[in-house]
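Participant: structure here, sequence nowhere to be found:
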Ligand SMILES: CC(=O)N[C@H]1[C@@H](OP(=O)(O)OP(=O)(O)OC[C@H]2O[C@@H](n3ccc(=O)[nH]c3=O)[C@H](O)[C@@H]2O)O[C@H](CO)[C@@H](O)[C@@H]1O
Ligand SMILES: C=C(OP(=O)(O)O)C(=O)O
């Protein structure tokens with residue numbers, strides 16, 4: 001179990017540069033096995049999910065090499081393998097091997113994925129999509145077995161709910177299927193556009209990404225022309241903006257696509273956070289007077305569920321009550337008891353988080369149950385007087401690129417003990 005130790009109560013300043021998006025990277029790495037040639041990705045974040053996916057590639061005889069922020073993957077010697085457990089459980093995105101192995105081999109055996117424990121996370125829409133494309137799907141022990149002995153064919157698939165994972169998995173399976181697949185009620189997240197850009201640059205025919213209707217015409221081969229640069233991580237960016245507004249004495253956050261953060265920026269500006277939004281960076285001024293806001297998470301372009309937790313500590317500084325309703329993951333509240341241990345005046349009533357003004361937080365021992373809950377505790381720890389020890393800090397490392405170095409560059413007093421050295 002890793003620990004992050006933070007001596008809080010200091011004002012931070014300087015510049016932080018955002019890395020490549022976790023949720024793009026973790027879809028694009030499984031997608032590399034659809035290529036018939038080596039693939040080069042750059043702006044790949046240094047996060048635990050990347051190392052776990054590389055490990056899974058290795059078990060399929062796919063060589064990968066990660067140097068700086070460049071990841072080289074060679075899928076030319078790939079062998080089919082079942083992925084029942086092991087690293088599969090260590091992240092959510094292992095389920096993208098269902099779609100990509102199905103696209104590559106016409107079959108896939110993948111264990112139930114892990115990922116953040118933020119309430120029920122069914123995959124019925126993924127399975128509905130695979131079946132519509134002609135695959136047979138059944139459960140064997142703790143794995144999903146997906147087989148298309150006669151190949152995959154295009155289909156019209158209406159998703160019952162907007163799902164990032166199902167949209168991506170169906171794209172991965174359909175990209176080399178016979179005929180045209182239409183996904184309706186598709187998710188519109190920027191990371192899906194990034195995946196489609198990567199695949200289209202290799203010869204795929206995916207149209208309409210970023211809208212609710214995506215059309216994929218299957219092709220026989222995919223091969224790389226050039227390296228692909230992962231888009232900046234909007235969730236990492238939002239986390240640093242929140243941190244900067246809470247404890248910053250003037251912080252510049254670089255490598256941002258502000259449009260991807262529209263809903264978040266609108267809300268923090270409504271609170272009274274003073275920002276200077278520049279071409280690809282945002283400067284956050286020191287803040288004095290903040291007001292409470294109401295946040296309701298929804299699918300993109302709405303307010304991202306992954307940002308409600310990192311925003312919570314900032315709400316403690318507002319002079320009136322804030323409320324959060326997470327309509328995507330109503331039970332995403334496991335960080336709240338930990339914040340309360342630090343002295344936060346917060347309650348959860350009927351899945352609604354009520355955040356009240358808190359003039360003083362005190363460092364103590366808390367647990368990061370998952371990535372964004374961990375980020376929330378980290379910001380609270382920077383705000384708090386005294387020392388906070390965050391247990392299970394390896395969960396934060398699943399999704400935040402070189403976080404210890406980045407915080408230290410902002411002059412935070414933070415250290416980390418665990419196997420992952422970032
Ligand atoms: C690796 C990755 O990209 N993770 C992101 C992805 O997760 P993930 O892809 O797992 O999330 P989805 O968009 O699929 O889930 C959205 C909602 O749909 C429900 N649902 C989903 C699929 C399904 O088959 N059945 C079903 O009921 C889920 O329980 C949830 O309530 O999107 C989430 C919502 O933006 C983010 O919090 C995660 O960071
Ligand atoms: C929920 C998240 O990740 P995952 O889907 O990978 O568990 C997240 O990044 O906030």
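Facilitator: Yep, it's here. Because the structure is predicted, anything quoted here is derived from the model rather than measured. Numbering: from 1, shown residues only. Ligands and ions are numbered 1, 2, ... in the order given.

Participant: which residues of the stretch 151-300 of the chain lie near ligand 1?
Facilitator: Within reach of ligand 1 by CB under 6 Å from any ligand atom, the stretch 151-300 of the chain has these residues: 161, 163-166, 187. For glycine as for every other residue, the C-beta is placed from the backbone atoms N, C-alpha and C.

Participant: top of these by neighbour count?
Facilitator: Ranked by the number of neighbours (other CB atoms under 10 Å), those place residue 166 first, at 28 neighbours.

Participant: checking that residue next. Helix, strand or coil?
Facilitator: Under DSSP: H, G, I helix; E, B strand; the rest coil, the three-state class of residue 166 is helix.

Participant: got it, and residue 372?
Facilitator: Going by three-state DSSP, the secondary structure assigned to residue 372 is helix.

Participant: neighbours of it, how many?
Facilitator: For residue 372, using other CB under 10 Å, the count is 30.

Participant: now, which of the residues of the stretch 151-300 of the chain next to ligand 1 sits nearest residue 58?
Facilitator: Taking CB to CB as the measure, residue 58 lies nearest residue 165 of these, at 23.3 Å.

Participant: residue contacts, that closest one?
Facilitator: Contact analysis of residue 165 by CB atoms under 8 Å, 6 or more residues apart in numbering lists 92, 95-96, 123, 126.

Participant: need those residues in JSON lines (columns: distance to ligand 1 and neighbour count).
Facilitator: As requested, these are exported to JSON lines (distance: CB to the nearest ligand atom, whole Å; neighbours: other CB atoms under 10 Å):
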{"residue": "92", "distance to ligand 1": "5", "neighbour count": "17"}
{"residue": "95", "distance to ligand 1": "8", "neighbour count": "27"}
{"residue": "96", "distance to ligand 1": "8", "neighbour count": "27"}
{"residue": "123", "distance to ligand 1": "5", "neighbour count": "18"}
{"residue": "126", "distance to ligand 1": "5", "neighbour count": "25"}
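
Participant: which one of those residues is nearest residue 361?
Facilitator: Nearest to residue 361 out of the contacts of residue 165 is residue 92 (CB to CB; 30.3 Å).

Participant: who touches that closest one in this structure?
Facilitator: Residues counted as contacts of residue 92 (CB under 8 Å, 6+ apart) are 26, 113-116, 121, 165.

Participant: that older thread, and the residues of the stretch 151-300 of the chain next to ligand 1, which is closest to residue 344?
Facilitator: For those, the nearest to residue 344 is residue 164 (29.8 Å; CB to CB).

Participant: in contact with that closest one, which residues?
Facilitator: Contacts of residue 164 (CB under 8 Å, 6+ apart): 23, 187, 189, 191-192.

Participant: which parts of stretch 30-45 are buried?
Facilitator: Residues of stretch 30-45 classed as buried: 30-35, 38-41, 43-45 (neighbour count, 16 or more other CB atoms under 10 Å).

Participant: pretty sure residue 378 is in a strand, no?
Facilitator: No: counting by three-state DSSP, residue 378 is not found in a strand; it is helix.

Participant: quick one: it and residue 396 touch, right?
Facilitator: Yes: applying CB atoms under 8 Å as the test, residue 378 and residue 396 come out as touching, 6.6 Å apart.

Participant: and the pLDDT for the residue of the stretch 101-250 of the chain found nearest ligand 2?
Facilitator: Residue nearest to ligand 2 within the stretch 101-250 of the chain (CB to the nearest ligand atom): residue 115, separated by 3.0 Å. pLDDT recorded at residue 115 is 71.

Participant: quick check: closest non-adjacent residue to it.
Facilitator: For residue 115, ignoring the flanking residues on the chain, the nearest one in space by CB to CB, 6 or more residues apart in numbering is residue 92 at 2.6 Å.

Participant: can you check residue 263 too?
Facilitator: Using CB to CB, 6+ apart, the nearest residue to residue 263 is residue 303, at 4.3 Å.

Participant: how many neighbours does the one you found have?
Facilitator: 26.

Participant: check contacts around residue 312.
Facilitator: 324, 335-336, 339, 346, 353, 355, 376.

Participant: could you redo the last one with a cut-off of 7 Å?
Facilitator: 324, 339, 355, 376 (CB atoms under 7 Å, 6 or more residues apart in numbering).

Participant: in what helix or strand does residue 268 lie?
Facilitator: For residue 268, the element it lies in under DSSP states H and E is helix 262-271.

Participant: what about that helix, near ligand 2?
Facilitator: No: using CB under 6 Å from any ligand atom, helix 262-271 stays clear of ligand 2, coming no nearer than 13.8 Å.
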